[in-house]
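> Make a model of this:
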Amino acid sequence: MSDEELAEFLQEQRTLICATIGPDGAPHVMPLWYLVRDGDVWAWTYAASQKVRNLERDPRATLAIETGEHYDELRGVMLRTRAVIERAPDFVAALGLALYERYVEGEELPADVRASIAKQAPKRVAVRFVEYGRASWDHRKLAVAS
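A predicted model of the protein is given here:
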């Protein structure tokens, strides 16, 4: 995928798979909601989660985002990243609000939802995944054998 195609793809998709390195060296793989800001993928999660503990020890993470049901529809990207963990509650709350607004698709968030996000912020972190490598695929571009 070109950079433009990748940017569009990331805006269309809803969930990424985040692989971190567990304490025993095995992959730890979990889904996350995400958003893209200034070209970087961001997520928020609980500070006490295993993925955050893994990233504190080793900031490398691999993200996978894919779609398609049939072979000729498959497309996706694998991003090799270094995670930067942000802990400031105001920053985390703002990212949480932006994330929920993305998934509610433009609807105004009710006051109780906004309050809930703000209340959760001290227990959460924002994670910026800074890309340093990628592999992407788009099987829709493959020539069909006749």
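
> switch to C-alpha atoms for all contacts and neighbour counts from now on
Fine.

> longest helix anywhere in the chain?
What stands out as the longest helix in the chain, according to DSSP state H, is helix 89-104.

> State the next helix or strand along the chain beyond that one.
Tracing the chain C-terminally past helix 89-104 and defining elements by DSSP states H and E, one meets helix 111-120 next.

> which other helices and strands contact the helix or strand following that next one?
Along the chain past helix 111-120, the next helix or strand (assigned with DSSP H and E) turns out to be strand 124-138. Judged by 3 or more Cα pairs under 8 Å, 6 or more residues apart in numbering; DSSP states H and E, strand 124-138 is in contact with strand 40-46, strand 75-86, helix 89-104.

> how does it look with 6 Å?
Identification of packing neighbours for strand 124-138 by 3 or more Cα pairs under 6 Å, 6 or more residues apart in numbering; DSSP states H and E yields strand 40-46, strand 75-86.

> now T45: how far from P23?
Noted for T45: a distance of 19 Å to P23, by Cα to Cα, to the nearest Å.

> Those two - which one has more neighbours?
Set side by side, T45 and P23 give different neighbour counts by other Cα atoms under 10 Å, the larger being at T45 (19 against 13).

> Got the phi and psi for F9?
Here is the backbone geometry of F9 (degrees, to the nearest 10): phi -60, psi -50.

> Output the helices and strands packed on strand 124-138 in TSV, with mean pLDDT and distance to T15 appended to each entry.
Listed next are the helices and strands packed on strand 124-138 as TSV, based on pLDDT from 0 to 100; distance: least, Cα to Cα, whole Å:
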stretch	mean pLDDT	distance to T15
strand 40-46	96	10
strand 75-86	97	12
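
> Just give the closest residue to W42, not the sequence neighbours.
On the basis of Cα to Cα, 6 or more residues apart in numbering, the spatially nearest residue to W42 that is not a chain neighbour turns out to be R128, at 4.6 Å.
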